[in-house]
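Chemist: Fold the following for me, if possible:
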Amino acid sequence: MVKKIILAGVGAGIVIGASYAGFFVLKRSQPATPIVIQGCSAQCATISSMVVPHHDLVKAQRRELFTHIGKMIGEPKTVILISPNHYGAGKATVQTTNQTWQIDEGTIEPDISVLSSIIDHGASMEPASFINEHGIYLILNDIKRTFPNARIVPIIFKIDTPSTNVQKLHDALKKSCDQCLVVASVDFSHYQPAVLANEHDQLSIRALKNLDEDAIREKAEVDSPPSLQFLIAWARSHNTERFELANHTNSGELLSNPDIETTTHLFGYYTEGERIAPERRVSFFIGGDMMFARGIHATFEKDLKESVAHLGDRLFWGTDVALSNLEGAISSTRVKPDPGPTFKFVFPPETVSVLKYMHINAVSLANNHSINAGSGGEEVTRQLLSKQNIQAIGGWSGVDTVRTATFSGQGLKLTIIGVHMLLDIPDIKDQISKIKSDPDQRVIIFPHWGVEYEPRHSAQQERLARAWIDAGADMVIGSHPHVIQDAEIYRGKPIIYSLGNLLFDQDWSVPTQQGMLIGGAFTDKGVELFGLPVVSKNHQPELARGALKQNLLQKLWSSITPSDIIKILN
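Modeler: Next comes the predicted model:
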């Protein structure tokens, strides 16, 4: 813990640009690929930056990585410590402080010359924001213990820090502190069950290995995308593009509790050498029927986002595909709540904002309610979704099966075909075969079918699903019955006949207030799957836990035997 903070003023006329040559290297017995860094020769290798968690559950593992890095690089003159601004404190999106830190291990002085340079390039001096910022103070003892003479440049980013501001800061520090070690204090997936958190982290690890700043900012479920953007930019500008993952832990697994809200921890560093190619993988997270009309709209008219408040904004965040069935049309104008009884589902305009808040990037309109505002209303729905970069898949008519969506992962692509089966039965076998002519393609069929409220699939559902798999589909996941149905394996491919409701007002029975979320990923080895049951209370879905969760999962997977091709992660 921080014992005391001593504020030090930035003096006028400070000379910027002191020499940082000659440190930050690892001696090797064999020549390494040379990197052009002041004071480094062909006998040197560099580590430019590292990422560690500030979650103190893993402080011992964090100390191990610091010790390892310290042995490899010696002692830098200055450490740039970057962190989330966890509490949104202060005014600016990028903040720093010139205070001296008195901690358990001793005193850490600021690097005044470097601080002066970044103040001139947009960073704001706001010491009060650092008083309770654990992303900074929990790392200070590790820095002092490992690099006892190093000075510090602490920086915190608000989560909405623009990419341009991050790059501007990077460019300023590249000039004034080129040989500084960057330490990113970042925790990764938050508040999710362990199995989902681990899947989210696969995307984050991929982005770090690929130095993909866009994926970090737009897709990764982490507590500070700007901090990781800076980390990647620093690695790239220092020719250290090899990300070495030193450790990956999960608080739910460490505490042997798969149901608690977890925090995950990545430990790693950027060094010289060729990039480590991530596993070929495309991930998905798929929910059942969502309806924002009738009782849902009437209950949450003042703030529609409250309908999904118990699920939060991170559940669908962190996978390549985040999909659900949108059971109705979205209006572009205000809709008066109609609690019913009605079977015409027209949603208020703010529905799109709720989907965006949830990080859903695709919805299926292949259902019997997508034209509840007429065919023109279905097109309005597509336009409203498109403006928020949410893909609309399928539609009310059978010809809409051509409205597919394709998502790219690492070396693999996943195409979703939405099929409305209640009007007619379109033949999509040739469509599947054409898509599957690309060996890197995987295909999920998302049909709207079956008998409402029936817990077992019908003979027709089985016949169609198996025909699609014979044509090349890799998985079938269904909607419409409003209850969870059973699952099976056919020719090594999963069929999940119905996910039930995700958000609906059918509170007149227990099964209609239960649903299933299906997550996982396709790899070259097959498919990894997990289920997360949800239960609705007062029209608000939340993740099921304990005995109820296990009971619903047991029913879903009861006829499925895991194999080398299909791995069940629950």
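
Chemist: switch to C-alpha atoms for all contacts and neighbour counts from now on
Modeler: Noted.

Chemist: Any chance you could list what contacts stretch 392-410?
Modeler: 206, 278-283, 320-321, 362-371, 382, 385-386, 391, 413-421, 423-426, 428 (CA atoms under 8 Å, 6 or more residues apart in numbering).

Chemist: Counting neighbours, which bits of that stretch end up buried?
Modeler: 392-398, 400-401, 403-410 (16 or more other CA atoms under 10 Å).

Chemist: swap in stretch 90-99?
Modeler: Under 16+ other CA under 10 Å, the buried positions of stretch 90-99 are 90, 92-99.

Chemist: The contacts of stretch 392-410, buried ones only, as a ChimeraX selection?
Modeler: Only the buried entries of the contacts of stretch 392-410 go into this ChimeraX selection, using 16+ other CA under 10 Å:
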select :206,278,280,281,282,283,320,321,362,363,364,365,366,367,368,369,370,371,382,385,391,413,414,415,416,417,418,419,420,421,428
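
Chemist: Next, check the contacts of stretch 392-410 against the helices and list the overlap.
Modeler: Of those, the ones assigned to helices by DSSP state H are 206, 382, 385-386.

Chemist: and which of these is nearest to Leu57?
Modeler: Comparing the ones in helices among the contacts of stretch 392-410 against Leu57 with CA to CA places Arg206 closest, at 24.4 Å.

Chemist: mind checking how far that closest one is from Lys344?
Modeler: Remark: distance between Arg206 and Lys344 (CA to CA, to the nearest Å) = 43 Å.

Chemist: How about Ala362?
Modeler: According to CA to CA, Ala362 and Lys344 sit 22 Å apart.

Chemist: The stretch 201-350 of the chain: helices as residue ranges?
Modeler: Applying DSSP state H, counting those that start in this stretch to the stretch 201-350 of the chain gives helices spanning 213-218, 225-237, 251-254, 294-299.

Chemist: for the first one, packing partners?
Modeler: With contacts taken as 3 or more CA pairs under 8 Å, 6 or more residues apart in numbering; DSSP states H and E, helix 213-218 sits against helix 194-210, helix 225-237.

Chemist: Which one of those lies nearest to Ile435?
Modeler: The nearest among these, by CA to CA, is helix 194-210 at 24.3 Å.

Chemist: Next, the buried residues of that closest one.
Modeler: So for helix 194-210, counting by 16+ other CA under 10 Å, buried means 194-210.

Chemist: Kindly report the same for stretch 141-161.
Modeler: Within stretch 141-161, the residues scored as buried using 16+ other CA under 10 Å are 141-159, 161.

Chemist: now stretch 534-553
Modeler: In stretch 534-553, counting by 16+ other CA under 10 Å, buried: 534-536, 539-545, 549, 552-553.

Chemist: Other residues contacting it?
Modeler: 259, 295-296, 299, 306-311, 502-505, 507, 513-517, 531-533.

Chemist: State the distance from the closest residue in space to Lys219 that isn't next to it in sequence to Glu218.
Modeler: The shortest distance from Lys219 to any non-neighbouring residue, by CA to CA, 6 or more residues apart in numbering, is to Gly318 (5.4 Å). Shown here: Gly318 relative to Glu218, a distance of 9 Å by CA to CA.

Chemist: Counting neighbours, go ahead and name the busier of those two.
Modeler: Gly318 (29 against 12; other CA atoms under 10 Å).

Chemist: The stretch 401-550 of the chain: strands as residue ranges?
Modeler: 405-408, 413-420, 441-448, 475-477, 487-490, 493-496, 501-503, 514-523, 526-537, 540-543 (DSSP state E, counting those that start in this stretch).

Chemist: Contacts for the second one next, please.
Modeler: So that's strand 413-420. Under CA under 8 Å, 6+ apart, the answer for strand 413-420 is 282, 364-368, 393-398, 400-408, 426, 440-449.

Chemist: Paired strands for that strand, with orientation please.
Modeler: strand 405-408 (antiparallel), strand 441-448 (parallel) (DSSP bridges).

Chemist: what distance separates stretch 162-177 from the centre of its chain?
Modeler: Between the centre of stretch 162-177 and the centre of its chain there are 25 Å (CA atoms, centre = their mean, to the nearest Å).

Chemist: Next one: the closest residue in space to Val346 that isn't next to it in sequence from Gly377, what distance?
Modeler: The shortest distance from Val346 to any non-neighbouring residue, by CA to CA, 6+ apart, is to Ala329 (5.0 Å). Per CA to CA, Ala329 is found 6 Å from Gly377.

Chemist: wouldn't Val166 be in contact with Gln229 here?
Modeler: Yes: with contacts counted by CA atoms under 8 Å, Val166 reaches Gln229, the gap being 7.4 Å.

Chemist: quick one on the thing from earlier: can you say which of the contacts of stretch 534-553 are buried?
Modeler: By 16+ other CA under 10 Å, the contacts of stretch 534-553 give 259, 295-296, 299, 306-308, 311, 502-505, 513-517, 531-533 as buried.

Chemist: can you give me the strands for the stretch 201-350 of the chain?
Modeler: Remark: strands assigned in the stretch 201-350 of the chain by DSSP E, counting those that start in this stretch are 242-250, 262-271, 281-290, 321-326, 329-330, 346-347.

Chemist: isn't Leu569 right next to Pro193, touching?
Modeler: No: with contact defined as CA under 8 Å, Leu569 does not count as touching Pro193 (11.9 Å).

Chemist: more neighbours, those two?
Modeler: Pro193 (24 against 13).

Chemist: So Thr96 is in contact with Ile152, correct?
Modeler: No: assessed by CA under 8 Å, Thr96 is found out of contact with Ile152, at 10.6 Å.

Chemist: which residues does the closest residue to Glu279 other than its chain neighbours form a beta bridge with?
Modeler: In space, and not counting its chain neighbours, Glu279 is closest to Gln410: 7.0 Å by CA to CA, 6+ apart. In this entry, Gln410 is beta-bridged to Arg281, by DSSP bridges.

Chemist: Dump the strands of the stretch 401-550 of the chain to TSV, plus mean pLDDT and distance to Asp564.
Modeler: Converted to TSV, these look like this (pLDDT from 0 to 100; distance: least, CA to CA, whole Å):
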stretch	mean pLDDT	distance to Asp564
strand 405-408	98	24
strand 413-420	98	20
strand 441-448	98	18
strand 475-477	98	16
strand 487-490	96	13
strand 493-496	97	12
strand 501-503	98	30
strand 514-523	98	12
strand 526-537	97	8
strand 540-543	98	29
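
Chemist: out of those strands, nearest to Asp338?
Modeler: strand 501-503 (16.6 Å).

Chemist: Give the other helices and strands that the closest one contacts.
Modeler: Applying 3+ CA pairs under 8 Å, 6+ apart, we find strand 501-503 packed against strand 281-290, strand 514-523, strand 540-543.

Chemist: Perfect, I'm done here.
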